[in-house]
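>>> generate a structure from the sequence data that follows.
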Amino acid sequence: MFNTQNYLRPHVLEMPPYEPILPFEVLSEQLGQPAERIIKLDANENPYGLLPAVREALAALPFAHIYPDPESRQLRAAIANYHELPMGNILIGAGADELIDLVMRLFLNPGEALINCPPTFGMYAFDADLNNAMAINIPRNPDFTLDIDKIEQAVETFGPKLLFLAQPNNPDGSLASSSDLERLLNLPLLLVLDEAYVEFAPHGSSMIQQVLQHDNLIVLRTFSKWAGLAGLRVGYGVFPDWMMTHLWKIKQPYNVSVAASTAAMVALQHFTELESIAQAIIVERQRLLTCLEDILWLHPYPSQANFILCRVTERDAGAIKTRLAQDGILVRYFRKPGLEDHIRISVGLPAQIDTLIAAFNAME
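Presented below is the predicted three-dimensional model:
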């Protein structure tokens, strides 16, 4: 008899699957509502969508039948100009997710360790499992700050090569302090800062300009949130000089599509519009926070991202998610240790937030 399990890699056989949110069209069918009527606040997407100029550029793509530039030269040049950084230190990925995996592939042998600080973005643990690495989980403090003392102890005990840190953190939107980041940079490991939401944080929160000053610092960014390109999958990283040759060796040659590259380049050409949209989201985030604070059984956390995490008291958080879904409003409920009584709400358009708050008030 052909034993299928003998052909699977053992660590893949044992690893848990990633649990993404359901696709929009599936949710629409399940809820029995047309997609345009659903208020989607569960995945931190940009509610303003694509810029008009991006839509026009995608409609006029001249060379979609030709393989993309494997080095994404034009997009890398645009990013270099935007950040005033050398093009040679920039690598493009099919979303920042690809770059998270690529970093692990470059540095981790099977069984070697990285540090993860949950609750945080689930792809760090997922890719650690995928690469047969050992994720050393150092849970965050109850207020979601980092436990730096325990991180330092883990570095001494396990000798990890990498530490992944979402900055701001997902799901709570907090920022690690500059003093904590300085302590982390002094550790004998590579610090990978995932700045997927940094455009919604106070000016000066990013460390992207400091990568060239530190041999052990990597900064990842994405066009998914700020630029509204989540469906096109395009991100980038800034890496120290010594890594670049080796990253080019292991990157898939045609990893970023012509459409994604075009959309990202046009978005950068209109960065002032994106900054205005980000500011509108920040203003709406504050209004949402104020409204949520008035609901007695919700305890929202201050956020520097485009979402707000809430602890649910006196009620079942999963039931709240289900009740909102019945009204066509989607929020995120995690079912993870430390988050069983929490929901996360993406900042939507003002009218969407009005509908959400009305739905919460109707539950009183």
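
>>> going forward, measure contacts between C-alpha atoms and count neighbours the same way
Noted.

>>> wait, residue 148 sits on residue 179?
No: if you go by Cα atoms under 8 Å, residue 148 and residue 179 don't touch, sitting 10.2 Å apart.

>>> so between these two, which is more surrounded?
Neighbour count, other Cα atoms under 10 Å: between residue 148 and residue 179, residue 148 has more, with 16 against 9.

>>> which residue, other than its chain neighbours, is closest to the more buried one?
residue 180 (6.9 Å; Cα to Cα, 6 or more residues apart in numbering).

>>> for that neighbour, phi and psi?
phi -70, psi -40 (degrees, to the nearest 10).

>>> please apply the same query to residue 216.
Dihedral angles of residue 216 (phi, psi; degrees, to the nearest 10) stand at phi -120, psi 30.

>>> from residue 185, how far out is it?
Relative to residue 185, residue 216 is positioned 7 Å away (Cα to Cα, to the nearest Å).

>>> same deal with residue 228?
Taken as Cα to Cα, the span from residue 228 to residue 185 is 31 Å.

>>> which one of the two has more residues nearby?
Under the neighbour definition other Cα under 10 Å, residue 228 and residue 185 were set side by side, and residue 228 has more, 22 against 18.

>>> give me the pLDDT value at residue 333.
Reported pLDDT at residue 333 in the predicted model: 94.

>>> residue 190 and residue 133: what is the separation?
Residue 190 sits 15 Å away from residue 133, going by Cα to Cα.

>>> quick one: the strands in the stretch 251-364 of the chain?
Assigned by DSSP state E, counting those that start in this stretch, the stretch 251-364 of the chain shows strands spanning 298-300, 307-312, 329-330, 332-333, 342-346.

>>> hang on, residue 91 in a strand?
Yes: Residue 91 sits within a strand when classified using DSSP: H, G, I helix; E, B strand; the rest coil.

>>> the domain parsing of this structure - what is it?
As given by automatic domain parsing, the domain ranges for the chain are 4-49+272-362, 52-270.

>>> quick one: residue 322 and residue 115, what's the gap?
For residue 322, the distance to residue 115 - Cα to Cα - is 34 Å.

>>> just name the most buried of the strands of the stretch 251-364 of the chain.
strand 342-346 (a mean of 25; mean count of other Cα atoms under 10 Å).

>>> who does that one pair with, and is each partner parallel or antiparallel?
Sheet pairing of strand 342-346 (DSSP bridges) gives strand 307-312 (antiparallel), strand 332-333 (antiparallel).

>>> would you turn those strands into TSV with distance to residue 194?
TSV is the format used below for the strands paired with strand 342-346 (distance: least, Cα to Cα, whole Å):
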stretch	distance to residue 194
strand 307-312	16
strand 332-333	21
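
>>> of all the ones you listed, which one is nearest residue 18?
strand 332-333 (14.9 Å; Cα to Cα).

>>> show me where this structure has helices.
10-14, 24-31, 52-59, 73-83, 95-107, 123-130, 148-158, 178-185, 241-250, 258-269, 271-293, 317-326, 350-362 (DSSP state H).

>>> got these as a markdown table, with distance to residue 41 columns?
Formatted as a markdown table, the helices of the chain follow (distance: least, Cα to Cα, whole Å):
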| stretch | distance to residue 41 |
| --- | --- |
| helix 10-14 | 32 |
| helix 24-31 | 11 |
| helix 52-59 | 22 |
| helix 73-83 | 29 |
| helix 95-107 | 20 |
| helix 123-130 | 20 |
| helix 148-158 | 32 |
| helix 178-185 | 30 |
| helix 241-250 | 35 |
| helix 258-269 | 23 |
| helix 271-293 | 12 |
| helix 317-326 | 10 |
| helix 350-362 | 9 |
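
>>> what residues are up against the nearest residue to residue 25 once chain neighbours are set aside?
Excluding the flanking residues, the one nearest residue 25 by Cα to Cα, 6+ apart is residue 35, at 6.9 Å. Neighbour list for residue 35: 24-25, 28 [criterion: Cα atoms under 8 Å, 6 or more residues apart in numbering].

>>> now render those as a markdown table, adding pLDDT.
A markdown table is the format used below for the contacts of residue 35 (pLDDT from 0 to 100):
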| residue | pLDDT |
| --- | --- |
| 24 | 70 |
| 25 | 74 |
| 28 | 73 |
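
>>> noted, bye for now.
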